[in-house]
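S.K.: need a 3D model of the sequence below.
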Amino acid sequence: MTERVDSEKPRVLVVDDEADLVDLVTFNLEKHGFSTLRAADGRQGLSVARAERPDLAIVDVMMPEMDGIELVQRLKGDPKLSSMPILMLTAKTAEQDELAALSIGAEDYVAKPFSMRILIARVESLLRRSQDRPSETPDELTLGEIKVNLDRHEASVAGTPIQLTRTEFRILAALLAAEGRVLSRATLIGKAIGVGVAVTKRTIDVHVTSLRRKLGDQSYLIETVRGVGYRAGEAASEESASRQQAENSNKCP
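M.R.: Sure, this is the predicted structure:
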């Protein structure tokens, strides 16, 4: 079930098997100036996303055919859709459920029942962050064999492209732009997720863990500063390497 939409308005895909909820969400989105697309399950949502290329997707977790977790994984694994922000909508409220959603690439998470005003504010925040970039930031950032092109929203390691979620990309860009300065978890939340968004500081840890995995042998360039946050840079990596050497020496007989 798809609808053609006004191409000048931000387009939001709502994927949920509860027809009444989809009606309510799309009605309120349209009232706030958005165009909407809808799908009743994960398979249909994937098909609509590939055909229509929405600006953002709201995805329920528990659905027939294909659940929201698999849908998000497929969307984030598609190079043409991986940078699309995704907000997960679910009845699950435990912290581990939020972390699980974020760890697969979702940019935000709202638990049912929810305030429609909060949902709209989250959508607006995600879309605003997806479009904004500080003008003083250079077009390309490099560190070691890591390259980030902000204009093309591309990242690579040793010349090989890597697929990052929008949040992972913004975290990596913020750390590289800081040039070795420590960024607190709160600062990274503001830069990558948004000021005023209700997430735990562990959210950033989940994203950084995923980012490091994708950076492969260059992951050592992203250092955890215990109790504070993260930093990236040659100085950070040299200190990490020195500590590792010292630890290895201490282990030798």
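S.K.: and the helices in the protein?
M.R.: 19-31, 42-52, 68-76, 95-103, 116-131, 166-177, 185-192, 202-215, 234-251 (DSSP state H).
S.K.: what's the most buried one of these?
M.R.: Among the helices of the chain, helix 166-177 has the highest mean neighbour count (mean count of other C-beta atoms under 10 Å), at a mean of 24. The C-beta positions use only the backbone N, C-alpha and C, and glycine is treated the same way.
S.K.: can you name every helix or strand that that one contacts?
M.R.: helix 116-131, strand 140-143, strand 146-149, helix 185-192, helix 202-215, strand 229-232 (3 or more C-beta pairs under 8 Å, 6 or more residues apart in numbering; DSSP states H and E).
S.K.: next one: the longest one to chain centre, how far?
M.R.: Centroid displacement of helix 116-131 relative to its chain, using C-alpha atoms, centre = their mean, to the nearest Å, is 13 Å.
S.K.: how about low-confidence regions in the chain?
M.R.: In the predicted model, the chain carries pLDDT under 70 at residues 1-7, 92-98, 100-101, 131-138, 193-201, 234-253.
S.K.: list the residues that contact the residue positioned nearest the centre of it.
M.R.: For the chain, the residue sitting closest to the mean C-alpha position, by C-alpha atoms, centre = their mean, is Thr167 at 3.1 Å. Thr167 makes contacts with 102, 105, 107, 192-193, 207, as judged by C-beta atoms under 8 Å, 6 or more residues apart in numbering.
S.K.: of those residues, which is the nearest to Leu46?
M.R.: Leu46 lies nearest to Gly105 out of the contacts of Thr167, by C-beta to C-beta, at 14.2 Å.
S.K.: I'd like to know which of the contacts of Thr167 is nearest to Leu21.
M.R.: For the contacts of Thr167, the nearest to Leu21 is Glu107 (20.4 Å; C-beta to C-beta).
S.K.: residue contacts, that closest one?
M.R.: Applying C-beta under 8 Å, 6+ apart, we find Glu107 in contact with 85-87, 126, 165-167, 193.
S.K.: same check on Ala49?
M.R.: So Ala49 contacts 13, 57, 75, 81, 84 (C-beta under 8 Å, 6+ apart).
S.K.: by neighbour count, which of those residues wins?
M.R.: The most crowded member of the contacts of Ala49, judged by other C-beta atoms under 10 Å, is Ala57 (28 neighbours).
S.K.: mind listing what that residue touches?
M.R.: Counted by C-beta under 8 Å, 6+ apart, Ala57 has contacts 12-15, 45, 49, 75, 84-87.
S.K.: in strands only, show me these.
M.R.: Among those, DSSP state E puts 12-15, 86-87 in strands.
S.K.: weed out the non-buried ones from these.
M.R.: Among these, the ones that count as buried by 16 or more other C-beta atoms under 10 Å are 12-15, 86-87.
S.K.: is it possible to export these to JSON lines including distance to Arg53?
M.R.: Below are these laid out as JSON lines (distance: C-beta to C-beta, whole Å):
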{"residue": "Val12", "distance to Arg53": "12"}
{"residue": "Leu13", "distance to Arg53": "10"}
{"residue": "Val14", "distance to Arg53": "15"}
{"residue": "Val15", "distance to Arg53": "15"}
{"residue": "Ile86", "distance to Arg53": "14"}
{"residue": "Leu87", "distance to Arg53": "17"}
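S.K.: what's the closest of the residues you listed to Leu71?
M.R.: When those are compared against Leu71 (criterion: C-beta to C-beta), the nearest one is Val15, at 6.7 Å.
S.K.: do I have it right that that closest one meets Ala39?
M.R.: Yes: judged on C-beta atoms under 8 Å, Val15 makes contact with Ala39 at a distance of 4.6 Å.
S.K.: common neighbours of the two, please.
M.R.: Residues touching both Val15 and Ala39 (C-beta under 8 Å, 6+ apart) are 45, 48.
S.K.: the closest residue to Asp16 other than its chain neighbours: neighbour count?
M.R.: Excluding the flanking residues, the one nearest Asp16 by C-beta to C-beta, 6 or more residues apart in numbering is Asp60, at 4.0 Å. Neighbour count for Asp60, taken as other C-beta under 10 Å: 24.
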